[in-house]
Every structure is written in structure tokens, then in C-alpha cells.
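*Asks:* structure, please.
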Amino acid sequence: CCPSVVLLIERHFPSLTPLLAPVLSPMQAEAKLLRRRFGPDAAIVYIGSCIAAKTNAMRTRVSPITL
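*Replies:* Down below sits the predicted model:
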């Protein structure tokens, strides 16, 4: 679920991409739970030290996944 590792594999080892588990990162899972609890118009802010999390949050490929 580490966005840095996923990006590394996608960029430098694309043949291994199918071996990645199709799971949400902890940040994405928490955001989906908050959306379910507080509604789609709730403002959700993530504050963390991992810069790769920003890229992970902006990926549309994973956002439609439901819990």
C-alpha cells in the first residue's frame, strides 16, 4: 500500500505491475470511510510527511473503488 513502492514498480519494473495487490492505501481507505460517514460534500484533509501520498491521492485509477 506504499505509494512510493507502487510508483517505483510502475516506472522501473512495469512487468511486475500485475503482481501488485489491488488494495487501497490507508489514506484512501480512511477517506472513503469519512465520506461514507459525513457525506460527499465533507472536506477531507490529509496531513502527512510522505510526498508520494499526494500523487496517490490524485490518482483517478483508485478513487472509484468502494470498501
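*Asks:* how far out from the middle of the chain is stretch 17-29?
*Replies:* Averaging C-alpha positions (Cα atoms, centre = their mean, to the nearest Å) puts stretch 17-29 7 Å from its chain's average.
*Asks:* measure it end to end?
*Replies:* Terminal residues of stretch 17-29 are spaced 21 Å apart (Cα to Cα, to the nearest Å).
*Asks:* quick one: buried residues of that stretch?
*Replies:* Residues of stretch 17-29 classed as buried: Leu24, Ser25, Met27, Gln28 (neighbour count, 16 or more other Cβ atoms under 10 Å). Every C-beta, even on glycine, is put in place using the N, C-alpha and C of the backbone.
*Asks:* redo these as JSON lines? Include pLDDT, secondary structure and distance to Ala42.
*Replies:* Putting the buried residues of stretch 17-29 into JSON lines (pLDDT from 0 to 100; DSSP: H, G, I helix; E, B strand; the rest coil; distance: Cβ to Cβ, whole Å) gives the following:
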{"residue": "Leu24", "pLDDT": "82", "secondary structure": "coil", "distance to Ala42": "18"}
{"residue": "Ser25", "pLDDT": "80", "secondary structure": "coil", "distance to Ala42": "19"}
{"residue": "Met27", "pLDDT": "82", "secondary structure": "helix", "distance to Ala42": "15"}
{"residue": "Gln28", "pLDDT": "81", "secondary structure": "helix", "distance to Ala42": "15"}
